[in-house]
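Colleague: Dropping the sequence and predicted coords here.
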Amino acid sequence: MFVETTICREPAAPVDTAAAYAWVYFCEENLSGPGKAGIKKMPLSYQEFKEQASLLCGIDLSLYKSQQLDRRIKSLMNLWQVKDYDEYLQVLKTDPQRFQIFLKKLTINVSEFFRNPECYFYLWEKVIPELLQKNPNPKIWSAGCATGAEPYSVAIILKELQALYSAEILATDVDGQVLKRAREGVYGLNEVKSLPQELLERYFREEKGYYHLSPEIKKRVNFQRHNLLLDPFPTGLDLILCRNVVIYFAEEAKSDLYQKFYGSLRDGGYLLVGGTEPLLGYKQLGFETVRYSFYKKRTAGAL
Ligand SMILES: C[S@@+](CC[C@H](N)C(=O)[O-])C[C@H]1O[C@@H](n2cnc3c(N)ncnc32)[C@H](O)[C@@H]1O
């Protein structure tokens, strides 16, 4: 037994094991001075580690799907040969580089221009022209934008439709590092491979195998850090893109998110989700489906 209670004076020392553990925590939290040094701490459980890591990252990990999350967290533990959750937490607190790797692992941020091109062509041919007819100054939000390929793809389409300067494009992600990359606007071939060749030539400058996005497109996208599970949502939006983000969220968090998206959209506004993320219960939420992955907010009278 590693619980030593003799140094504690008040309240009276507990007798059963669970209470003894609680007691140690009480002492750890409440005592200072010479007595504290004598207390041996109980090792962190996985659950406690997640709670502490949530505080460190500013991301509530209980809202992420647990199997995927567990796999990721444990794979890093093996890679770094960390012996227990206390040591793991210590590493995250003291090693900024590993902390960034940990964050990245939780929030995988792979993206590319015109990812699933047919969705972008549908945006180009149908959705955005319809929105422009209703509102010449549309407000668009790419939520979970990663490296920026998604909001920049929309900006390119708007430019092609001669509506870039009248639109507002907000792009957000929880990962501050990835937003830095997004603002730089420099991409590898694998990130631009789905773009039609003429758009690639028109909007990028190739240098040593990297593709630099034109400043004209870059400066039209407003990047901000935002946690979809925590922060307030913008309102009055015509189009929201949230693709390949919620695959990591638990069911409860997802339905909460979609309700908030509904509240953020104007009547007739669109929500575009990832190919593997159909909106279950979209009718109850107040959406109609217009095409695979595209949901339209029903007007108030039609509900
Ligand atoms: C796979 S990327 C998707 C990028 C882009 N939407 C696409 O489909 O190409 C997922 C992004 O979601 C972000 N993400 C994860 N959890 C988030 C949260 N709670 N709030 C905001 N963004 C989050 C990650 O940081 C990551 O950049």
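Modeller: Yep, that arrived. Note that the structure is predicted; figures quoted are calculated from it, not measured.
Colleague: can you list contacts of the host helix or strand of Glu288?
Modeller: Under the criterion of DSSP states H and E, Glu288 resides in strand 287-291. Contacts of strand 287-291 from elsewhere in the structure, counted by CB atoms under 8 Å, 6 or more residues apart in numbering, are 122, 262, 270-271, 279, 282, 295-298. C-betas here are computed from N, CA, C, even on glycine.
Colleague: Mind checking which of those residues are in strands?
Modeller: 270-271, 295-297 (DSSP state E).
Colleague: one step back: distance from the strand holding Glu288 to the middle of the chain?
Modeller: 24 Å (CA atoms, centre = their mean, to the nearest Å).
Colleague: Which pLDDT value goes with Tyr25?
Modeller: We have a pLDDT of 39 for Tyr25.
Colleague: so, if you compare the ones in strands among the contacts of strand 287-291, which one comes nearest to the ligand?
Modeller: Comparing those against the ligand with CB to the nearest ligand atom picks out Leu271 as the nearest, at 12.8 Å.
Colleague: May I have the residues that are in contact with the nearest residue to the closest one once chain neighbours are set aside?
Modeller: Counting by CB to CB, 6 or more residues apart in numbering, Leu271 lies nearest to Tyr295, which is 4.5 Å off, once chain neighbours are set aside. Taking CB under 8 Å, 6+ apart, we find Tyr295 in contact with 270-273, 279, 282, 287-289.
Colleague: From these, list just the buried residues.
Modeller: Taking 16 or more other CB atoms under 10 Å as the criterion, what is buried in these is 270-273, 279, 282, 287.
Colleague: any idea whether Ser142 is helix, strand or coil?
Modeller: Under DSSP: H, G, I helix; E, B strand; the rest coil, the three-state class of Ser142 is strand.
Colleague: about what we covered before: from the ones in strands among the contacts of strand 287-291, which single one is nearest Ile73?
Modeller: Leu271 (30.3 Å; CB to CB).
Colleague: the bottom helix or strand of the protein by mean pLDDT?
Modeller: None of the helices or strands of the chain scores lower by mean pLDDT, DSSP states H and E than helix 17-30, at a mean of 37.
Colleague: Give me the mean pLDDT for the following helix or strand past that one.
Modeller: Next along the chain after helix 17-30, taking DSSP H and E as the criterion, comes helix 46-57. In this model, helix 46-57 has an average pLDDT of 90.
Colleague: so how far is helix 46-57 off the chain centroid?
Modeller: Using CA atoms, centre = their mean, the offset of helix 46-57 from its chain centre is 17 Å.
Colleague: Can you point out the buried residues in that helix?
Modeller: 49-50, 52-53, 57.
Colleague: try stretch 76-93
Modeller: Neighbour-count burial for stretch 76-93 [16+ other CB under 10 Å]: 76-77, 82, 85-86, 88-89, 91-92.
Colleague: out of the residues you listed, which one sits closest to Phe99?
Modeller: The closest of the buried residues of stretch 76-93, once distances to Phe99 are taken by CB to CB, is Leu92, at 5.0 Å.
Colleague: ok, that closest one - contacts?
Modeller: Per CB under 8 Å, 6+ apart, neighbours of Leu92: 53, 56, 98-99, 102.
Colleague: before we move on, the earlier item: may I see the ones in strands among the contacts of strand 287-291 organised as a markdown table, with distance to the ligand and pLDDT added?
Modeller: Compiled in a markdown table, the ones in strands among the contacts of strand 287-291 are given as follows (distance: CB to the nearest ligand atom, whole Å; pLDDT from 0 to 100):
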| residue | distance to the ligand | pLDDT |
| --- | --- | --- |
| Tyr270 | 15 | 98 |
| Leu271 | 13 | 98 |
| Tyr295 | 16 | 98 |
| Lys296 | 20 | 98 |
| Lys297 | 20 | 98 |
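Colleague: Identify all contacting residues around stretch 244-258.
Modeller: Under CB under 8 Å, 6+ apart, the answer for stretch 244-258 is 62-66, 68-69, 106-108, 111, 115, 143-144, 228-229, 242, 271, 273-274, 276-277, 279, 281-282, 285.
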